[in-house]
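Asks: Here is my input, please return the structure:
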Amino acid sequence: MSMQKMLFSFICYLVLSFQPAWATIITATTSNISGNSWESRYTINNNTGSAIKWFTIYFDFNHYSNLVYIPTAEVGVDWDVFSVEPFLSSDGFVDAFSFGDGIGIGQSLTNFVVRYQFSGQYLPIMQSFEVYDPDALEPTLLDFGDVEITAVPQPPVLWLFAAGFICLLLKRKGPLALIRRRI
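Replies: Just a heads-up that it's a prediction; the model follows:
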């Protein structure tokens with residue numbers, strides 16, 4: 001390899017490796033409330049070049065229904081949030097618009113909670129989002145992507161039953177009575 005190619009490769013490496021990555025990342029921790037009722041707690045990370053003041057999370061019309069936004073202290077009163085049910089072949093969505101400063105560069109909005117009915121198999125999946133420019137005359141898309149969902153595992157029912165049964169035995173007879181019988 002010639003010295004000129006090596007120098008060119010090194011310069012390309014330097015220029016490309018120090019480029020900032022501008023992206024909005026939305027993650028969700030999902031837990032089952034009961035039956036088909038689920039709750040997702042979203043964290044919206046702003047790694048873009050400007051504040052996020054308007055975003056929408058979409059829910060597939062085939063699997064989601066009864067979308068309800070649950071207000072939390074972390075979201076605050078300067079956010080206007082509403083949900084729209086899936087209808088026919090249109091996806092449902094939860095739309096959030098900030099009348100304040102929004103989510104600053106490098107900051108996060110945590111504990112954004114949505115409850116819903118999930119009719120699919122296994123765990124809720126396939127949620128997407130879009131981030132819009134609130135200052136544009138028409139809705140202008142700034143960023144989009146898929147929500148990264150992780151499920152909160154539930155303990156197996158058999159182990160819960162066994163733990164409760166052991167607690168009842170200890171309460172009824174006391175721990176010393178069980179130890180004395182073995183001696």
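Asks: I'd like the mean pLDDT over the helix or strand encompassing Thr150, please.
Replies: According to DSSP states H and E, Thr150 maps onto strand 148-151. Computed over strand 148-151, the mean pLDDT rounds to 71.
Asks: residues making contact with the helix or strand Val81 falls within?
Replies: Of the helices and strands defined by DSSP H and E, Val81 is found in strand 79-84. Contacts with strand 79-84, where a contact means CB atoms under 8 Å, 6 or more residues apart in numbering, come from 67-69, 71, 75, 92-100, 114. (Glycine included, C-beta is placed from N, CA and C.)
Asks: Which of those residues sits closest to Ala51?
Replies: Distance to Ala51, by CB to CB, is smallest for Ser98 among these, at 8.2 Å.
Asks: backbone phi and psi for the closest residue to that closest one other than its chain neighbours, please?
Replies: Nearest-residue entry for Ser98: Lys53, 4.3 Å, with adjacent residues in sequence omitted and distances by CB to CB, 6 or more residues apart in numbering. Backbone torsions of Lys53, given as degrees, to the nearest 10, read phi -120, psi -10.
Asks: re the thing from before, can you pick out the most distant pair from the contacts of strand 79-84?
Replies: Using CB to CB, the pair of the contacts of strand 79-84 lying farthest apart is Gly92 and Gly100, separated by 25.9 Å.
Asks: distance of the residue minimising distance to the centre of the chain from Ile105?
Replies: For the chain, Ala28 is the residue whose C-alpha lies nearest the centre (CA atoms, centre = their mean; 1.6 Å). Ala28 is 22 Å from Ile105, where distance means CB to CB, to the nearest Å.
Asks: Also Asn32?
Replies: 35 Å.
Asks: More neighbours: which of the two?
Replies: Asn32 (15 against 12; other CB atoms under 10 Å).
Asks: Give me the nearest residue to the more buried one, chain neighbours excluded.
Replies: Using CB to CB, 6+ apart, the nearest residue to Asn32 is Trp38, at 5.7 Å.
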